[in-house]
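Asks: everything below, folded, please.
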Amino acid sequence: MPEGDTVWHTAAMLRQHLAGRTLTRCDVRVPRFATVDLTGEVVDDVVSRGKHLFIRAGRASIHSHLKMEGSWRVGERPVRVDHRARIVLEANGIRAVGVDLGVLEILERDRDGEAVAHLGPDLLGSDWDPARAAANLTARPDRPIGEALLDQRVLAGIGNVYCNEICFVSGHLPTAPVGAVTDPRRLVSRARDMLWTNRFRWNRCTTGDTRHGKQLWVYGRAGQPCRRCGTRIRHDGGGERVTYWCPSCQR
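Replies: Residues are numbered from 1 along each chain as shown. Predicted structure coming up:
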């Protein structure tokens, strides 16, 4: 499930393979932008902003959002291209394929920031500001903590996995009001630490134990014993997002 750390890692991977190279193929498979051809342009940079990713080449910026199922695959040819591909880029023997992308659009490079202007401080970005993030979080004290953490306008990069894990380590139920958090700056700083620690790996870990099946506190562990107290982890799949919590450790 792509979250801010996954997108940051993806951008780093694309930047390593494409930055400074001239595009020899640009096949956009989204009807609105199908006529756009950036062949001959040099990829200057690849950057992430929250869950958004930008590949900047010439005067254009390829903006993508992975949503729930999307990914970028990159490497020396052949990298597989099938019906799920939304864009194919090639440069000097390197192929990058955007698969099942939730959003793909070609923007004017000098205006691509408008696509992410609504976002709060990026947990992995140069604009990270814990004071501003804490102020955004507490702006609506009656709002459920889980809902606020998932709102990218509050702070950018948290998805459902981190939301559940942050609520656990803070000792709060995801449904508890934001006003119950006594130290919001500490909470957002711990969220940032989680993403920062995982930015170079695909399989995220929040427990400090990277062994298979040991990486997460509560997410995906319904019915299993809490790693702290042994109480069975509960879950609720009735809403838009599945929620996991320990009824003993989280009040």
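Asks: residue contacts, Trp72?
Replies: The contact partners of Trp72, by CB atoms under 8 Å, 6 or more residues apart in numbering, come to 10, 13-14, 53, 64, 66, 96-99. C-betas here are computed from N, CA, C, even on glycine.
Asks: any chance of TSV for those, columns pLDDT and neighbour count?
Replies: Shown next, in TSV, are the contacts of Trp72 (pLDDT from 0 to 100; neighbours: other CB atoms under 10 Å):
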residue	pLDDT	neighbour count
Thr10	97	23
Met13	97	17
Leu14	98	24
Leu53	98	25
Ser64	98	22
Leu66	95	23
Ala96	97	24
Val97	98	22
Gly98	98	27
Val99	97	19
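Asks: between those residues, which is closest to Pro2?
Replies: Leu66 (4.0 Å; CB to CB).
Asks: quick check: the closest one touching Trp8?
Replies: No: Leu66 lies out of contact with Trp8 (CB atoms under 8 Å); the separation is 11.7 Å.
Asks: quick one: contacts of stretch 199-208?
Replies: With CB under 8 Å, 6+ apart as the criterion, stretch 199-208 contacts 3, 5-6, 8-9, 12, 124, 161-162, 165, 169, 194, 197-198, 210, 214-217, 227.
Asks: ok, Ser48 - how many residues close by?
Replies: As a burial measure, Ser48 scores 26 neighbours (other CB atoms under 10 Å).
Asks: which element is it on?
Replies: strand 43-49 (DSSP states H and E).
Asks: just after that strand, pick out the following helix or strand.
Replies: Remark: after strand 43-49, the chain's next helix or strand is strand 52-57, criterion DSSP H and E.
Asks: residues touching the helix or strand just after that next one, excluding its own?
Replies: Sequence order places strand 60-65 as the next helix or strand after strand 52-57, per DSSP H and E. For strand 60-65, contacts defined as CB under 8 Å, 6+ apart pick out 36, 38, 41, 51-56, 70, 72, 86-87, 89, 98, 101-109, 112, 115.
Asks: the following helix or strand past strand 60-65 relative to strand 52-57, how many degrees between them?
Replies: Sequence-wise, the next helix or strand downstream of strand 60-65 (DSSP H and E) is strand 71-76. Here the directions of strand 71-76 and strand 52-57 differ by 40 degrees (axes from the mean of the first three to the mean of the last three CA atoms, to 10 degrees).
Asks: average pLDDT for strand 71-76?
Replies: On average, the pLDDT along strand 71-76 is 94.
Asks: buried residues, that strand. List them.
Replies: 72, 74 (16 or more other CB atoms under 10 Å).
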